[in-house]
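Novice: Structure, please.
(3 chains)
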Amino acid sequence: MTSHAAAVDGPAPSYLRHGRGLRSWLLTFDHKRIAIMYLCAILACVLLGGVFALVLRLNLWNPSGGLVSNDVYNKLFTLHGAVMIFLFVIPGIPAALGNFVVPLQLGARDVAFPRVNLLSFWLFSGGAVFFVATLVAGGIDTGWTLYPPYSLEESRGLGILLALTGVFLLGFSSILTGVNFIATIHRMRAPGMGWFDLPLFLWALYATGIIQIVATPVLGITVGLGFLERVFHLGLFMPEYGGDPVLFQHFFWFYSHPAVYIMILPAMGIVSEVVSVFSRKPIFGYRFIAMSSIAIAVIGFLVWGHHMFVSGQSAWASVIFSFLTLLVAIPSAIKTFNWLATMYKGAIVLATPMIYVLTFFAIFGVGGLTGLFLGTLATDVPLHDTYFVVAHFHFVMVGAVMTAFLAGLHYWWPKMTGRLYDERIGSTSAWVTFVGFCLTFIPQFFAGVAGLPRRYATYASQFTVHNRLSTVGAFILASGLLVALYGLASSLRSGRRAPANPWGAASLEWTAASPPGLHNFDEDPRGVRPYDFTGLRHVSDEAGWVREGAR
Amino acid sequence: MTARESSTSASAPAGHGRVHVVTPAALLGTVAALFALTVVTVVVSRVDLGAMNVVAALGIATVKAIAVAAIFMHLRYEGRFHVVVLVGCAVFAALLVGFVVFDTTRYQPDLRAREAAETRHR
Amino acid sequence: MSGGGGSTPYLAVQFRDMEAQVETGKLGVWLFLGSEILFFGGLFTAYSVYRANHIELFRYAHFFLDWRLGAFNTFVLLTSSLSAAWAVRCAQLGQRRGLRFTLLATFLLAAAFLLVKYFEYSHKLENGIGWGAACHPSAEILASLPDAARALPVPAHLGTFFSIYYLMTGLHGIHVLVGMGLFAWLLRRLPTLGPDHWGAVDGVALYWHLVDLVWIFLFPLFYLV
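Specialist: Alright, predicted model coming up:
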């Protein structure tokens, strides 16, 4: 990676200038550089997963398919899911944005364990390599959920072993990131920064870290056991050797349900930051939002069986899981009401991050509410494995998490790169993405209720309209994303230099230079109140916002 | 059992403030207790208590684990958060074990009936 | 931007002083140990599920495991936990020779543990007791079982029990091996360890105690009940 000659030179040379050449990046301990490397890797994975999605949607233009063979179709949806989930939605916000922002928001010079941070990045890269190898080795067609007995049969080939190894590596990357963030947030706060002075993004990442540490090891053991079951016929999951396939599902979902909270909690953290800054109002109900993050993390562990209502799970278990699932909606609702209350009587600034956040509210509202239909036992049975489920999880994973990711990326872009992106391109991308997203996934709810099953390369002709609308929407969504990436990339060359605080935000990262020096702050800062905008004055576009009475 | 004295003994090295150093008495007392409990576990296992054998074995193991955690791993002498981490993770592990055993035992009758029906048909 | 408190070269740039570094390092190790509890927890789940639903496997397989070897290994590991905890004390007090002795003792006790495991495994594997589908007890070992065992029918899918046995004791054994590596690493760094720099000894010892904790539960579950 070449040096970014566009970097701003502050009192200390920016982190982008400190050290040149590939090795200074690949072997760096600097959390900021690690974040940038993650960002590049993750964006590459999104593009890969996105290409798979577009091919799938093109194949679904006609009821009889035909663009690719059914077998290739199955492999494509499997890898689309696996790549997007494991290489984008789960690591995305914590790795690419959290790594950059966490020490800055705390007033620290780096995370607690910088070398472990680098290890996390290399484990992630290794996992990604194994996924690409899976592609090359012929792919897998099991669905991203990898259920035995099908996935562990001999005739699946080697692809499954490569995929399981990839997931194992990614799991440890995630665990170590969780350890790092919890230790950092717990112990490296600036003097005077108590728990309830933390920006809510940090509460979100702390709660995420809890899930990463508690849930991911179970995924690790699950894929490890799957690997060994396939190679050595252990007799744990394969009925012909004495095993129980439903046991795999219990193990798998014990991780994979909390995993969706690994995905959404950081997104919610970003929303809390952006909605406050761009309403020019302190966040409403700070403690409720903070505590609800922890509540989601904990309750999220109690609901995994709602993925297994039709698996052969006992009726008692299904009833209990269904009831607990309804509880987990409550903290999310609390957050949503608090965000809306923050906006009430605020002075809304419709900048790109805020547009993404507003679309987040609409999308997350629908996504979350449709989850209730799926969590309720009786309504889930006919909806299971239909496009209703596909639409629900894309609403929350793409519509909510990816939207918030883009909000955060635009919000912190000036801090990370020292450049301002073009606001017109940014806001255009936000609206185009929103329109494309809705067109892609809303028809899928209707298709699902009407009975269209998921994971099929062909469909009955009465679903043609739904599928075609969805395919058109997918291309609009893709173009919105490409516009966003174009806007960000071109800002590196031609964007205006960013001041330290372009948005008038109050949290500590905005007191560091844009981009920050190697050790972030010229002097170790004291804690501030992150949503206290009093005294912040917009001086000029070049100088940004300054706090009156500051030195 | 153990003489679990908490003596914050030994000269605290400069620059560390209060560092608790475990005393030899605490260490040796703990290992003696662990050895004794191991003997007890083995002896109890030779007696047929039916289902209680597992309960007794796990119960004694838990006491041993607490001894190791409290003295060898310093939890007795340290802040509460590490205890929260240990106990919290153990609780989640117990949740996993408990719920999965609950569910699998509840659907075994269905499985057995199906297996029996299939065997009859062969 | 001062480098933080003290003249020690071991202070990393992100920490204000050594106390912050040591305490944060400890927290990091504890969080990692928490993840290990869940990692083994998955295997304990597999054990519990199969025991709850296929007790006949466990009753029969019980006769293939020698409780005396298990008990011996338990004493070995408990002693190694003692020496590991003592090593931390030696490091904190600057007792160089004591530190070398305790680190070496822990290393050797771990090796002894693995040696016993090697004998256990090789005896089983030589007699056809593999995992899963590869579990075919040889005539010799069947003949050597006590009458109480021979009265029982050989359960179908006995291999599932031994899969769980090899997985749990094997994963534990891998952790013992990693622990040996860590203690060897500490021994190599012995000159740097002392009252100013004992966090690494503490962290490795904590890891080792977890390895001991797992065995404290494995021993009764496989050898006694």
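Novice: Report the next helix or strand after the lowest-mean-pLDDT helix or strand in chain C in sequence order.
Specialist: Within chain C, confidence by mean pLDDT, DSSP states H and E is lowest for helix C:147-150 among all helices and strands, at a mean of 84. Taking DSSP states H and E as the definition, the helix or strand that follows helix C:147-150 towards the C-terminus is helix C:158-188.
Novice: So is that next one next to chain A?
Specialist: Yes. Figure legend: helix C:158-188 in contact with chain A (CB under 8 Å from any CB of the partner chain); contacting residues C:159-160, C:163-164, C:167. Yep, even glycine has a C-beta here, placed from its N, CA and C like the rest.
Novice: does chain B sit close to that helix?
Specialist: No. Using CB under 8 Å from any CB, helix C:158-188 stays clear of chain B, coming no nearer than 13.3 Å.
Novice: With pLDDT and neighbour count as added columns, please give the residues of helix C:158-188 next to chain A in JSON lines.
Specialist: Formatted as JSON lines, the entries for the residues of helix C:158-188 next to chain A read as follows, by pLDDT from 0 to 100; neighbours: other CB atoms under 10 Å in any protein chain shown:
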{"residue": "C:G159", "pLDDT": "93", "neighbour count": "26"}
{"residue": "C:T160", "pLDDT": "94", "neighbour count": "26"}
{"residue": "C:S163", "pLDDT": "96", "neighbour count": "30"}
{"residue": "C:I164", "pLDDT": "96", "neighbour count": "29"}
{"residue": "C:L167", "pLDDT": "97", "neighbour count": "22"}
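Novice: longest single helix anywhere in chain B?
Specialist: If you go by DSSP state H, chain B has its longest helix at helix B:80-121.
Novice: Which secondary structure elements does that one sit against?
Specialist: Using 3 or more CB pairs under 8 Å, 6 or more residues apart in numbering or on different chains; DSSP states H and E as the contact criterion, the secondary-structure elements in contact with helix B:80-121 are helix A:200-232, helix A:245-277, helix A:315-343, helix C:18-53.
Novice: what about 6 Å?
Specialist: helix C:18-53 (3 or more CB pairs under 6 Å, 6 or more residues apart in numbering or on different chains; DSSP states H and E).
Novice: Run the contact check for the helix it packs on versus chain B.
Specialist: Yes. Applying CB under 6 Å from any CB of the partner chain, one finds that helix C:18-53 is in contact with chain B at C:18-19, C:30, C:34, C:37-38, C:41, C:44-45, C:48-49, C:52-53.
Novice: Please tell me which one of the residues you listed counts the most neighbours.
Specialist: Across the residues of helix C:18-53 next to chain B, the neighbour count under other CB atoms under 10 Å in any protein chain shown reaches its highest value at C:G34, namely 29 neighbours.
Novice: burial count for the nearest residue to it once chain neighbours are set aside?
Specialist: Spatially, and ignoring its direct neighbours in sequence, C:G34 is nearest to B:C89 (3.9 Å; CB to CB, 6 or more residues apart in numbering or on different chains). The tally of other residues near B:C89 (other CB under 10 Å) stands at 24.
Novice: thinking again about what came up before, can you list the neighbours in contact with the least confident helix or strand of chain C?
Specialist: When contacts are taken as CB atoms under 6 Å, 6 or more residues apart in numbering or on different chains, the neighbours of helix C:147-150 outside the stretch itself are C:F63.
Novice: So for it, what gets flagged as buried?
Specialist: Going by neighbour count (16 or more other CB atoms under 10 Å in any protein chain shown), the buried part of helix C:147-150 is C:A149.
Novice: list the contacts for C:Y166?
Specialist: Applying CB under 6 Å, 6+ apart as the definition, the contact partners of C:Y166 turn out to be C:W131.
Novice: on that earlier part again, and which of the residues of helix C:158-188 next to chain A is nearest to C:P195?
Specialist: Proximity of the residues of helix C:158-188 next to chain A to C:P195 (CB to CB) peaks at C:L167, which lies at 41.6 Å.
Novice: Residue ranges in the chain under the pLDDT threshold?
Specialist: No chain was given, so I picked chain A. Applying pLDDT under 70 to chain A flags the ranges A:1-11, A:550-551.
Novice: Please refer instead to chain C.
Specialist: Flagging of chain C using pLDDT under 70 yields the residue ranges C:1-7.
Novice: 50 instead?
Specialist: Per-residue confidence for chain C (pLDDT under 50) gives these ranges: C:1-6.
Novice: Get me the contact residues on it for chain A.
Specialist: Residues of chain C lying near chain A by CB under 6 Å from any CB: C:1, C:13-14, C:24, C:27-28, C:31-32, C:34-35, C:38-39, C:42, C:46, C:49, C:131-133, C:157, C:159-160, C:163.
Novice: Any of the residues you listed buried? List them.
Specialist: C:14, C:24, C:27-28, C:31-32, C:34-35, C:38-39, C:42, C:46, C:49, C:131-133, C:157, C:159-160, C:163.
Novice: so who does A:A133 touch?
Specialist: The contact partners of A:A133, taken as CB under 6 Å, 6+ apart, are A:L162.
Novice: Can you give me the buried ones in whichever strand or helix holds it?
Specialist: In this structure, A:A133 is located in helix A:114-136 according to DSSP H and E. Along helix A:114-136, the positions that meet the burial threshold by neighbour count (16+ other CB under 10 Å) are A:114, A:116-121, A:123-128, A:130-135.
Novice: next SSE after that helix?
Specialist: Toward the C-terminal end, the helix or strand that comes next after helix A:114-136 (DSSP H and E) is helix A:159-187.
Novice: Check whether that following helix comes into contact with chain C.
Specialist: Yes. Among the residues of helix A:159-187, A:175, A:179, A:182-183, A:187 lie within reach of chain C under CB under 6 Å from any CB.
Novice: ok, A:G371 - contacts?
Specialist: Remark: with contacts taken as CB under 6 Å, 6+ apart, A:G371 is in contact with A:H392.
Novice: And for A:F288, the neighbour number?
Specialist: The tally of other residues near A:F288 (other CB under 10 Å) stands at 16.
Novice: Isn't it up against A:I334?
Specialist: Yes. Look at A:F288 against A:I334 with CB atoms under 6 Å: they come within range, at 5.5 Å.
Novice: among the residues of helix A:159-187 next to chain C, which are within reach of chain B?
Specialist: Filtering the residues of helix A:159-187 next to chain C for neighbours of chain B using CB under 6 Å from any CB leaves an empty set.
Novice: Would you mind putting those residues into CSV with distance to A:G549 and neighbour count alongside?
Specialist: As requested, the residues of helix A:159-187 next to chain C are exported to CSV (distance: CB to CB, whole Å; neighbours: other CB atoms under 10 Å in any protein chain shown):
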residue, distance to A:G549, neighbour count
A:I175, 44, 28
A:V179, 39, 25
A:I182, 35, 26
A:A183, 34, 25
A:R187, 30, 20
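Novice: which of those residues sit farthest apart?
Specialist: The distance between the two most remote of these (CB to CB) is 18.5 Å, for A:I175 and A:R187.
Novice: Can you name the residue of chain B nearest chain A?
Specialist: Among the residues of chain B, B:R106 lies nearest to chain A; the distance is 3.4 Å by CB to the nearest CB.
Novice: Next, count neighbours for the residue lying closest to that residue once chain neighbours are set aside.
Specialist: The shortest distance from B:R106 to any residue other than its chain neighbours is 3.4 Å, reached at A:S314 (CB to CB, 6+ apart). A count of nearby residues for A:S314, using other CB under 10 Å, gives 19.
Novice: got the phi/psi numbers for whichever residue of chain A sits closest to chain C?
Specialist: When distances are taken as CB to the nearest CB, chain A approaches chain C most closely through A:G242, which lies 2.8 Å from it. Its backbone dihedrals place A:G242 at phi 100, psi 10, with angles given as degrees, to the nearest 10.
Novice: In contact with it, which residues?
Specialist: The neighbours of A:G242, taking CB under 6 Å, 6+ apart as the test, are A:235, C:157, C:160.
Novice: Out of the residues you listed, flag the one nearest to chain B.
Specialist: Top of the list for closeness to chain B, among the contacts of A:G242 and by CB to the nearest CB, is C:H157 at 11.8 Å.
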